[in-house]
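In: I'd like to go over a predicted model; first the sequence, then the structure.
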Number of protein chains: 2
Amino acid sequence: MNIYLAGPDVFLPDAADIGRRKVEICRRHGLTGRYPLDNTIDLAAADASLRIFRGLEAMMDACSAIIANLTPFRGASADPGTVYELGYMAARGKFCLGYSNDPAAYADRVRRFTTVTSRDGRLVDSAGLSVEDFGLNDNLMMMHALELHGAPLVLPRQKPADIWHDLTGFELCVAMAAKRLASAS
Amino acid sequence: MNIYLAGPDVFLPDAADIGRRKVEICRRHGLTGRYPLDNTIDLAAADASLRIFRGLEAMMDACSAIIANLTPFRGASADPGTVYELGYMAARGKFCLGYSNDPAAYADRVRRFTTVTSRDGRLVDSAGLSVEDFGLNDNLMMMHALELHGAPLVLPRQKPADIWHDLTGFELCVAMAAKRLASAS
């Protein structure tokens, strides 16, 4: 089973190394991990970003499952590129798994970035925009997509010391994918 | 043609009113706008968020196009719920349109939230994570999804005074959807 390894890991300084670790974990569970950086793109090309997109879309289409790293990225929510890919894979009927290394509820995390107050029974941020308050880890679209198109988001009991390199949650997702493959065959 | 009206508009204090304005613009162009708040959900129910998800997924499946409001939400990027929906609709082969009321390039916008420096020829934020620097308005996945599955992101020349209530970009998207419908029939 080919699994698309989505996440902001590609933005880390050691992005290639994280990818190798993830692919190796997949291999140990009898699965094939496909990591975005496996596509070789000439970043100096004028249409580099379009080539990246086309390559990733083809990679997703060639995979039967996605494991999305939904650890908050540059704000209170997951990386939008990863979220796009989760929506894409859910709509294609692929097996959708995800993890985050920050177990805080979304509303609590928003409080780290802005003042959140209660108004007329709902939470609002400093701009007056509602803050989702269902006790979920992130926006309900991603959370329930995982629940209905795969398995609920995997979270640690406590935030690990290194949220970008701890692969415990990732490996739990891989194990779930392996179990599904075994039960399907 | 039914069009799914995605966006963080639902988090505004006057969310229902914005929805009515959007649906009315669609009607004037001969189209049917479907707004998330059209689904009536009992927010006091224990499974309210799951009911919202199911309702929105059904609404998306009943639409032939999406117009996504990708105006940055609570950070440098678009609302993740909206981004999920864009990915979902792209994968279902629906006509994908989107607009943002903030014309700044993504890398420039990130600078409003964190220190961005140049290291080994790439931009990095204060956490050492790479900042996409293709001159695009947001993450390349959403930008090229629009380009390849519908039309390029609609942007204003200048940021409007009220980014949450200016519907100029939205109406341009509606006009494109109407034109497509006319050419298809």
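Out: Nice, I can see it. Numbering: from 1, shown residues only, chains lettered A, B, ... in the order given.
In: can you give me the helices for chain A?
Out: Defined through DSSP state H, the helices belonging to chain A, from first to last, are A:15-28, A:48-61, A:80-91, A:106-110, A:140-149, A:168-184.
In: just the buried residues of stretch A:178-185, please?
Out: Residues of stretch A:178-185 classed as buried: A:178, A:180-181 (neighbour count, 16 or more other Cβ atoms under 10 Å in any protein chain shown). C-betas here are computed from N, CA, C, even on glycine.
In: how far off centre is that stretch?
Out: 22 Å (Cα atoms, centre = their mean, to the nearest Å).
In: again, but for stretch A:120-139
Out: The chain centre lies 22 Å from the centre of stretch A:120-139; the measure is Cα atoms, centre = their mean.
In: now the end-to-end length of it.
Out: 21 Å (Cα to Cα, to the nearest Å).
In: excluding sequence neighbours, find me the nearest residue to residue A:85.
Out: With Cβ to Cβ, 6 or more residues apart in numbering or on different chains as the criterion, residue A:85 has its nearest non-adjacent residue at 4.6 Å, and that residue is residue A:6.
In: residue A:48 now?
Out: On the basis of Cβ to Cβ, 6+ apart, the spatially nearest residue to residue A:48 that is not a chain neighbour turns out to be residue A:41, at 5.9 Å.
In: who's in contact with the one you found?
Out: Under the criterion of Cβ atoms under 8 Å, 6 or more residues apart in numbering or on different chains, the neighbours of residue A:41 are A:48, A:51-52, A:55.
In: ok, so of those, who is nearest residue A:141?
Out: Looking at the contacts of residue A:41 and their distance to residue A:141, the nearest is residue A:52, at 24.1 Å (Cβ to Cβ).
In: count of residues packed around that closest one?
Out: The local packing of residue A:52 (other Cβ atoms under 10 Å in any protein chain shown) involves 23 other residues.
In: pLDDT value on it, please?
Out: The score at residue A:52 is 97. That number is its pLDDT.
In: hmm, it is touching residue A:39, no?
Out: Yes. Taking Cβ atoms under 8 Å as the definition, residue A:52 is a contact partner of residue A:39 at 7.1 Å.
In: circling back: could I get the helices of chain A as JSON lines with distance to residue B:144?
Out: Supplementary listing: these in JSON lines, determined by distance: least, Cβ to Cβ, whole Å:
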{"stretch": "helix A:15-28", "distance to residue B:144": "20"}
{"stretch": "helix A:48-61", "distance to residue B:144": "4"}
{"stretch": "helix A:80-91", "distance to residue B:144": "10"}
{"stretch": "helix A:106-110", "distance to residue B:144": "28"}
{"stretch": "helix A:140-149", "distance to residue B:144": "21"}
{"stretch": "helix A:168-184", "distance to residue B:144": "27"}
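In: so which of these is the most surrounded?
Out: helix A:80-91 (a mean of 28; mean count of other Cβ atoms under 10 Å in any protein chain shown).
In: run the chain-centre distance for that one.
Out: 9 Å.
In: likewise for stretch A:30-40?
Out: Chain-centre distance of stretch A:30-40: 15 Å, with Cα atoms, centre = their mean.
In: is it positioned near chain B?
Out: No. Using Cβ under 8 Å from any Cβ of the partner chain, we find that stretch A:30-40 stays clear of chain B, coming within 10.2 Å at best.
In: need the CA coordinates for that stretch. CSV is fine.
Out: Taking only C-alpha atoms (Å, rounded to 0.1, in the frame of the first residue of the first chain), the coordinates of stretch A:30-40 have been written out as CSV:
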residue,chain,number,x,y,z
GLY,A,30,5.3,-3.4,5.2
LEU,A,31,4.1,-0.2,3.6
THR,A,32,5.5,2.2,1.0
GLY,A,33,5.7,5.8,2.1
ARG,A,34,5.7,8.5,-0.6
TYR,A,35,7.2,11.7,0.5
PRO,A,36,6.7,15.0,-1.4
LEU,A,37,10.5,15.6,-1.7
ASP,A,38,10.7,12.3,-3.6
ASN,A,39,9.7,14.3,-6.6
THR,A,40,12.8,16.0,-8.0
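In: excluding its backbone neighbours, what's nearest the residue in chain A positioned nearest to chain B?
Out: Taking Cβ to the nearest Cβ as the measure, the point where chain A comes nearest chain B is residue A:87, at 2.8 Å. By the measure of Cβ to Cβ, 6+ apart, the closest residue to residue A:87 outside its immediate chain neighbours is residue B:87, 2.8 Å from it.
In: and the one you found, what does it touch?
Out: For residue B:87, the contacting residues are A:83-91, B:141, B:145, taking Cβ under 8 Å, 6+ apart as the criterion.
In: so residue A:150 touches residue A:96, yeah?
Out: Yes. Using Cβ under 8 Å, residue A:150 is in contact with residue A:96, at 3.5 Å.
In: list residues touching both of the two?
Out: With contacts defined as Cβ under 8 Å, 6+ apart, the residues adjacent to both residue A:150 and residue A:96 are residue A:65.
In: residue A:130 versus the residue of chain A positioned farthest from its centre, what's the distance?
Out: Taking Cα atoms, centre = their mean as the measure, the residue most remote from the mean C-alpha position of chain A is residue A:120, 33.3 Å away. Relative to residue A:130, residue A:120 is positioned 10 Å away (Cβ to Cβ, to the nearest Å).
In: same check, this time on residue A:21
Out: Relative to residue A:130, residue A:21 is positioned 39 Å away (criterion: Cβ to Cβ).
In: number of residues surrounding residue A:12?
Out: Taking other Cβ under 10 Å as the neighbour definition, residue A:12 ends up with a count of 18.
In: what sits against it?
Out: Neighbour list for residue A:12: A:18, A:164, B:128-130 [criterion: Cβ under 8 Å, 6+ apart].
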